[in-house]
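Student: Here you go, sequence then predicted model.
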Amino acid sequence: MSYKVEKLFKVDKESFEQYDFKEEDKYFFFSDIGVVSSHSFLGLIKKLFKYKKTQGGLPFVFFVYEKLPYTPLDLLEFKSAMYLHSNRNKICLEKWAKLLTIDLYNRDVISSHTYREFFIPSMTGAGLEKFYFRGKNYEQLVRSFAFHYRRRVIASDHLAITKKTGYEFAKYFYDMCIKIFGMNLFNKYDWHRFFDGGENFFFKFTDQRNVFSNSRYYKRRELVA
């Protein structure tokens with residue numbers, strides 16, 4: 001089932017507040033240079049490849065392909081390259097940028113979410129398997145973590161969270177990390193410190209490529225422009 005590229009990379013309210021986007025920003029993605037946002041897909045590509053005004057439109061297009069680590073044969077499979085070839089006399093750079101965004105997503109150069117892995121080695125036998133979760137921001141990570149925790153608990157009633165909402169469980173687990181595991185998570189509830197502060201040894205960063213290859217839940221979207 002196809003999915004609109006605009007929908008996957010759309011700025012949501014929680015992300016707008018967390019990353020302090022500009023009022024006009026409509027789209028964003030995650031990349032090696034961090035979070036990239038803009039009012040258009042062409043704006044996203046320009047920021048990702050550090051566009052200079054002196055480059056102009058079409059020279060910038062060729063500059064982008066030169067910077068990518070792909071052979072000419074690889075590029076023949078790019079939707080954006082096919083578009084250029086079939087529309088030589090009437091190229092819309094915004095359309096090209098949307099298709100290039102799809103190409104980069106399909107090759108894991110960019111991602112629509114940030115991904116984490118949760119694993120407690122000693123708890124596998126108690127019914128808790130490792131799992132992946134994701135979010136575009138910390139609020140989404142909280143909900144995703146609780147959702148997948150509930151999914152992956154196999155047995156063990158003392159681990160069950162069926163009577164708690166996702167957010168209630170995340171807070172419960174946060175408190176447990178302090179009281180039982182002695183983690184330095186002093187500011188309640190600092191989700192940045194909880195997931196990415198280095199104190200919580202249950203979580204680690206992972207990437208889209210790894211998750212799509214190994215997860216039974218997350219799969220790559222088939223995007224259309």
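Tutor: Perfect, thanks for sending it.
Student: can you give me the helices in this structure?
Tutor: Applying DSSP state H to the chain gives helices spanning 5-8, 13-19, 41-48, 57-67, 72-75, 79-86, 93-106, 138-152, 166-179, 191-196, 208-214.
Student: So for residue 202, what pLDDT did the model give?
Tutor: With respect to pLDDT, residue 202 scores 83.
Student: now residue 185
Tutor: At residue 185, pLDDT is 66.
Student: And for the one 5 residues further on?
Tutor: pLDDT, the model's per-residue confidence, is 84 for residue 190.
Student: Give the full set of residues in contact with it.
Tutor: For residue 190, the contacting residues are residue 197, by Cβ atoms under 8 Å, 6 or more residues apart in numbering. C-beta coordinates here come from the backbone N, C-alpha and C atoms, glycine included.
Student: quick one on the thing from earlier: residue 222 is nearest to which of the helices of the chain?
Tutor: For the helices of the chain, the distance to residue 222 is smallest for helix 93-106, at 9.2 Å, taking Cβ to Cβ.
Student: Buried residues of stretch 67-80, list them for me.
Tutor: Going by neighbour count (16 or more other Cβ atoms under 10 Å), the buried part of stretch 67-80 is 68, 70, 78, 79, 80.
Student: swap in stretch 100-120?
Tutor: Residues of stretch 100-120 classed as buried by neighbour count (16+ other Cβ under 10 Å): 100-106, 109-118.
Student: Output that stretch as PDB, restricted to C-alpha atoms.
Tutor: Only the C-alpha atoms of stretch 100-120 are listed here, as PDB (Å, rounded to 0.1, in the frame of the first residue of the first chain):
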ATOM      1  CA  LEU A 100      15.000  12.300  -4.200                       C
ATOM      2  CA  THR A 101      13.700  12.200  -0.600                       C
ATOM      3  CA  ILE A 102      12.000   8.900  -1.400                       C
ATOM      4  CA  ASP A 103      15.300   7.600  -3.000                       C
ATOM      5  CA  LEU A 104      17.200   8.600   0.100                       C
ATOM      6  CA  TYR A 105      14.700   7.100   2.400                       C
ATOM      7  CA  ASN A 106      14.700   3.800   0.500                       C
ATOM      8  CA  ARG A 107      18.500   3.700   0.900                       C
ATOM      9  CA  ASP A 108      18.500   4.700   4.600                       C
ATOM     10  CA  VAL A 109      20.300   7.900   4.000                       C
ATOM     11  CA  ILE A 110      17.500   9.700   5.800                       C
ATOM     12  CA  SER A 111      14.700   8.500   8.100                       C
ATOM     13  CA  SER A 112      11.300   9.700   9.200                       C
ATOM     14  CA  HIS A 113      11.900   8.600  12.800                       C
ATOM     15  CA  THR A 114      14.600   8.000  15.300                       C
ATOM     16  CA  TYR A 115      15.000   4.400  16.600                       C
ATOM     17  CA  ARG A 116      16.000   2.800  19.800                       C
ATOM     18  CA  GLU A 117      16.500  -0.800  21.000                       C
ATOM     19  CA  PHE A 118      15.500  -2.100  24.400                       C
ATOM     20  CA  PHE A 119      17.100  -5.100  25.900                       C
ATOM     21  CA  ILE A 120      17.600  -6.600  29.400                       C
END
